[in-house]
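1. The following comprises the amino acid sequence and a computationally predicted model.
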Amino acid sequence: LEDHDFKTCAIKLPSKLADEETPLLSQTPAGDVSMKPKGTASPLKAFFLLFKAFIGTGILFLPKAFLNGGLMFSAIVLFIFGLYSYWCYYLLVETKTKTNVSSFGDIGLILFGYKMKLLILFSIVLSQLGFVSTYLVFSSNNLIAFLKNIFNIDVSFIAMLTVLCFIFMPLSLVRNITKLSLAALFANVFIFFGLVVIIYYTCFGLIENGPANDIKYFNSNDWPLFIGVAIFSFEGIGLIIPIQESMSQPEKFPRVMFMVILSISVLMISIASLCYVTYGSKTLTVIILNLPQDSIFVNLIQLFYSLAILLSSPLQLFPVLKILENNLFGSNLRGKFSWKIKWLKNLFRFSIVITCTIIAIYGADNLDRFVSLVGCFACIPLVYMYPPLLHYKSCANDRLMKVSDLCLVVFGAIALVYTTSQLL
């Protein structure tokens, strides 16, 4: 799903369609190896699947995040966060292998009980609602710019958001995740096209005008805003387990994952640094708005990126809807046998979309702060606290390992409290 990643969408694996929701919603009983299909993906294919998973909208917010944090501070901290994310993902894979369970929530259930599962599911729901709300703001702003630049039509933010809400509502009724795989493919093509255009115009602007004269190496006032966006950019924990299971040699996954995280870190630091050095303090929250607005290619990526995010949103919301529906209606009440149950579920799905739209309205006035808040409050526990805690319970056999896991949990808790308090 950007990632993120919940950040990309569906990934077609050799024997079934597995995606970021697979580890969250899997119903495979613990220890039942016979029910788990044998993976066939090569390390190279797993590399590209994982690489694609981490490339989403987060990279578009990073140039403004570099302005908030400062060039040198942001580059160093972003690289450290990449390594930090890798280690937590590695701990999750080790825990999954030890418990032989393919669902993040069920791992928590086995190791700590039902309350831990609820806590994990709560973080998943919170993060996904935050992502979808952010994407609605992003798509609205870019479509407004597109209509203004191409057709000279002024559309208010509320009007555009309402249109997207009505488009998104029927998409939320899709209950078969495989039907969204084509939309995910188009979304990724649009995103990669957008990155190429951004790099081209930013390089052209840097060559033509030279670097900005107001670059800061550390911004002591706004650096907490950078932390949340950095976490937002690396959030892709939902895709770790299904891609690892898709490999014919899953023991090679840690090395593949390390190469992906390293490559993604270099790419994100390079693009964010390039854009910040080019535009300096004029860097906008979404870097596309800094590009020449009279260029047809820029106008196209405004449209294509918006469509990509709109197509990605149903997959981002899929685990939220499944989790909440199962808890509200129960897993045995199916709309297939009762039109009343079916439309109650449909109305519930519509209400979730409307909720995301309302959140988007309140988050639109300060998008970079909103993105940072989602990254800190929703993603820190999911990525940096739960995996080491689960690893401590299942795999930590010696004192050093236990101390290491506990330090990660404590550090994550401190980061969660401090950064969230600075953003509120």
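-> Structure received.

2. List the contacts of Ser351.
-> With contact set as CB atoms under 8 Å, 6 or more residues apart in numbering, Ser351 has no partners. Backbone N, C-alpha and C define where each C-beta goes, glycine included.

3. Distance-wise, check it relative to Val320.
-> 12 Å (CB to CB, to the nearest Å).

4. give me the low-pLDDT residue ranges for the stretch 301-424 of the chain?
-> For the stretch 301-424 of the chain, applying pLDDT under 70 flags the ranges 312, 315, 330-338.

5. Ignore what I typed, I meant the stretch 101-250 of the chain.
-> Residues of the stretch 101-250 of the chain meeting the criterion pLDDT under 70: 175-185, 187.

6. How much space separates Ile167 from Ile150?
-> Distance of Ile167 to Ile150, given as CB to CB: 19 Å.

7. And for Asn326?
-> Distance, Asn326 to Ile150, by CB to CB: 44 Å.

8. With Ile341 instead?
-> Look at Ile341 and Ile150: by CB to CB, they are 45 Å apart.

9. ditto for Ser140
-> Taking CB to CB, one finds Ser140 at 16 Å from Ile150.

10. Go ahead and name everything in contact with stretch 74-90.
-> Contact partners of stretch 74-90, identified using CB under 8 Å, 6+ apart, comprise 62, 65-66, 68-69, 226-227, 230-231, 233-234, 237, 240, 254, 257-258, 261-262, 264-265, 268-269, 272-273, 276, 383-384, 387-388, 408.

11. Filter those residues down to just the ones in helices.
-> Judged by DSSP state H, the subset of the contacts of stretch 74-90 located in helices is 62, 65-66, 68-69, 226-227, 230-231, 233-234, 240, 254, 257-258, 261-262, 264-265, 268-269, 272-273, 276, 387-388, 408.

12. Show me which residues of stretch 339-350 are buried.
-> By neighbour count on 16 or more other CB atoms under 10 Å, the buried set for stretch 339-350 is 344-345, 349-350.

13. Centre of the chain to it, how far?
-> The chain centroid and the centroid of stretch 339-350 are separated by 28 Å, computed with CA atoms, centre = their mean, to the nearest Å.

14. Start the count at 194 instead of 1 going forward.
-> Okay, using 194 as the starting number, the last item reads as stretch 532-543.

15. If you count contacts, what does the longest helix along the chain end up packed against?
-> Identified as the longest helix of the chain according to DSSP H is helix 307-344. When contacts are defined as 3 or more CB pairs under 8 Å, 6 or more residues apart in numbering; DSSP states H and E, helix 307-344 sits against helix 297-305, helix 350-364, helix 489-522, helix 532-556, helix 560-566, helix 579-587.

16. Of all the ones you listed, which one comes closest to Thr288?
-> For Thr288, the closest of the helices and strands packed on helix 307-344 is helix 579-587, at 4.7 Å, according to CB to CB.

17. Next, the angle from the closest one to helix 297-305.
-> 40 degrees (axes from the mean of the first three to the mean of the last three CA atoms, to 10 degrees).

18. what's next to helix 579-587, contact-wise?
-> Residues outside helix 579-587 that contact it (CB under 8 Å, 6+ apart): 281-282, 284-285, 287-288, 291-292, 297, 300-301, 304-305, 312-313, 316, 430, 595, 597-599, 601-602, 605.

19. Also stretch 299-311?
-> 219, 223, 288-289, 292, 294, 298, 312-313, 579, 582-583, 586-587.

20. I'd guess Ala606 is in a helix, am I close?
-> Yes. The assignment for Ala606 is a helix, going by DSSP: H, G, I helix; E, B strand; the rest coil.

21. Restricting to C-alpha, output stretch 394-413 in PDB.
-> The C-alpha atoms that make up stretch 394-413 are tabulated as PDB, following Å, rounded to 0.1, in the frame of the first residue of the first chain:
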ATOM      1  CA  TYR A 394      12.700  18.900 -14.000                       C
ATOM      2  CA  THR A 395      14.500  19.200 -10.700                       C
ATOM      3  CA  CYS A 396      17.900  18.500 -12.300                       C
ATOM      4  CA  PHE A 397      17.100  21.000 -15.100                       C
ATOM      5  CA  GLY A 398      16.100  23.600 -12.500                       C
ATOM      6  CA  LEU A 399      19.300  23.000 -10.500                       C
ATOM      7  CA  ILE A 400      21.500  23.400 -13.600                       C
ATOM      8  CA  GLU A 401      19.700  26.500 -14.800                       C
ATOM      9  CA  ASN A 402      19.400  28.400 -11.500                       C
ATOM     10  CA  GLY A 403      22.000  26.800  -9.300                       C
ATOM     11  CA  PRO A 404      21.500  25.600  -5.700                       C
ATOM     12  CA  ALA A 405      19.300  27.600  -3.300                       C
ATOM     13  CA  ASN A 406      21.100  30.100  -1.100                       C
ATOM     14  CA  ASP A 407      19.100  29.300   2.100                       C
ATOM     15  CA  ILE A 408      20.000  25.700   2.700                       C
ATOM     16  CA  LYS A 409      20.100  24.600   6.300                       C
ATOM     17  CA  TYR A 410      22.100  21.600   7.500                       C
ATOM     18  CA  PHE A 411      20.000  21.300  10.700                       C
ATOM     19  CA  ASN A 412      16.700  23.000  11.500                       C
ATOM     20  CA  SER A 413      16.400  23.100  15.300                       C
END
